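> Sharing a sequence plus its predicted fold:
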There are 2 protein chains.
Amino acid sequence: MVEATRRRAIEDVASDLFRERGYAATSVRDIARALSIQGPSLYAHVTSKEDVLWAIVDRAASRFEAAADLAEAKASAARPGDPAEAIAELVRAHVRVVTDDVGEASVFVHEWRSLGTDRRAAVLARRDAYEARFRRHIEAGISTGTFAMTDFAIASTVILSAINGVATWYDPGGRLPADRIADHLVDLTLRTLEASR
Amino acid sequence: MVEATRRRAIEDVASDLFRERGYAATSVRDIARALSIQGPSLYAHVTSKEDVLWAIVDRAASRFEAAADLAEAKASAARPGDPAEAIAELVRAHVRVVTDDVGEASVFVHEWRSLGTDRRAAVLARRDAYEARFRRHIEAGISTGTFAMTDFAIASTVILSAINGVATWYDPGGRLPADRIADHLVDLTLRTLEASR
DNA sequence: GTGGGTACCTAACGATCGCTAGTTAGGAGG
DNA sequence: CCTCCTAACTAGCGATCGTTAGGTACCCAC
């Protein structure tokens, strides 16, 4: 792993440690040890431990947002007004963001709770907005009859659980390549949603 | 909340705190404060902080196992050899265990990583065995043609993510009662699995 | 009334926490 | 040669961590 800056190298090892043990259970000295330096030396590059967490979470959030922007634009261009196409592209984009950097994505999904009040509220709002994109297309699909399920809220929450879960179980060295996993996730998601196939 | 023993009261408030902030971010004094006593006073009832976590995780694991035993027996009696019936009962049982005590279930799902090496390995083995019950019936359904999906491993993992996710988002004061949520989860799970409906 | 059990207290231990201060070494550019 | 930047160091601060020790008050059974 060759990073552009030392700061980025710190965030990368911190991502992995936060993912494995959690933010609270990872000490500043743990992060330093993974870089073969002393604990206090980190403070030449970062202003606080929470700042490192914030940088990771913020970057992950931005990646999810940018990927969703592209996905929605792509779906809208290919098959405008088709909720299944929009959901498919959103799911595919989500999986790609996760598989591109599991550590970062995993920290975004699980460790945002450890942020201070203001930052936690900010990232929660962005998370809600991100998830609302999925819910919007699911709702649209229901109203057009493309999708059919007995409860909109439960269905969207279950689907979001399932795709967020990828960050928990994805293994870069696993059996399937990332894009094949994305294919299966898209298939399973539409299976859950669609009225008929 | 009226507990039989003081020990149990400690575990109950610890469940809630571990769920909200995580094990590492919850101090012994936090648990004590929630019971309006001093931190060290807890040690008249427990031998260590990790012991409290273990008690919670162990009890939750036992509840999941017992519920799954009953579910499989019930499905086998009602419709023997029907994988859809077995999965439906397993999902229903899982949701019931979660909704009966969200704090405990949530700690079982998320905080087992904070256990020491031996206990972590033990609970992981029980978790694998529990999940294997679901995978077994899914696999049986595929071989009989009841279920149809492109990848068995991904499909089971996604479904397990979805039902484990209930422990994260379930709110006892929410819109739907627990058994209605279970109905929807069963519906969505079978939707994901079944070849035709 | 007295002995034992239950439930709690205060004081304090050693370890570790996040972080600050002050310093040193090496390399690049004027 | 001198300066500046980057990147690291050691020493140590105050706070908090999990935990132990020793003691007090109450309650119930004998």
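Yep, that arrived.
> Phi, psi for the residue in chain A sticking out farthest from the centre please.
Here chain A reaches farthest from its C-alpha mean at residue A:38, the gap being 31.2 Å by C-alpha atoms, centre = their mean. Dihedral pair for residue A:38: phi -80, psi 150, per degrees, to the nearest 10.
> Let me know how buried the closest residue to it other than its chain neighbours is, in neighbour terms.
Residue nearest to residue A:38 in three dimensions, not counting chain neighbours: residue A:32, with 5.9 Å by C-beta to C-beta, 6 or more residues apart in numbering or on different chains. Yep, even glycine has a C-beta here, placed from its N, CA and C like the rest. Each residue near residue A:32 was counted by other C-beta atoms under 10 Å in any protein chain shown, and the total is 18.
> does residue A:32 really touch residue A:44, like I thought?
No - applying C-beta atoms under 8 Å, one finds residue A:32 not in contact with residue A:44, separated by 11.0 Å.
> between the two, what contacts are shared?
Counting by C-beta atoms under 8 Å, 6 or more residues apart in numbering or on different chains, residue A:32 and residue A:44 have no shared contacts at all.
> The most centrally placed residue in chain A and residue A:95, how far apart?
Centroid check for chain A by C-alpha atoms, centre = their mean gives residue A:105 as the closest residue, at 4.4 Å. As judged by C-beta to C-beta, to the nearest Å, residue A:105 and residue A:95 stand 10 Å apart.
> pLDDT weak spots in chain A?
A:1-4, A:195-197 (pLDDT under 70).
> For it, just list every one of the strands.
Assigned strands in chain A: none (criterion: DSSP state E).
> Regarding it, what is its longest helix?
The residue-count maximum for a helix in chain A (DSSP state H) belongs to helix A:49-78.
> Mind listing what's buried along that helix?
Applying a neighbour-count criterion of 16 or more other C-beta atoms under 10 Å in any protein chain shown, one finds A:49, A:52-61, A:63-64, A:67-68, A:71-72, A:74-75 buried in helix A:49-78.
> touching chain B at all, that helix?
No - counting by C-beta under 8 Å from any C-beta of the partner chain, no contacts exist between helix A:49-78 and chain B, the nearest distance being 12.4 Å.
> Could you list every helix and strand that that helix packs against?
helix A:6-21, helix A:83-100, helix A:102-110, helix A:117-143 (3 or more C-beta pairs under 8 Å, 6 or more residues apart in numbering or on different chains; DSSP states H and E).
> and it with helix A:102-110, angle?
Going by axes from the mean of the first three to the mean of the last three C-alpha atoms, to 10 degrees, helix A:49-78 is angled at 100 degrees with respect to helix A:102-110.
> can you give me the offset of helix A:49-78 from its chain's centre?
Distance of helix A:49-78 from its chain centroid, counting by C-alpha atoms, centre = their mean, to the nearest Å, is 8 Å.
> is it up against DNA strand D anywhere?
No - Helix A:49-78 does not reach DNA strand D (C-beta under 7 Å from any atom of the strand); its nearest approach is 12.2 Å.
> Compute the inter-axis angle for that helix and helix A:6-21.
Using the same axes, to 10 degrees, helix A:49-78 lies at 90 degrees relative to helix A:6-21.
> Would you mind giving the orientation angle of helix A:49-78 with respect to helix A:83-100?
140 degrees.
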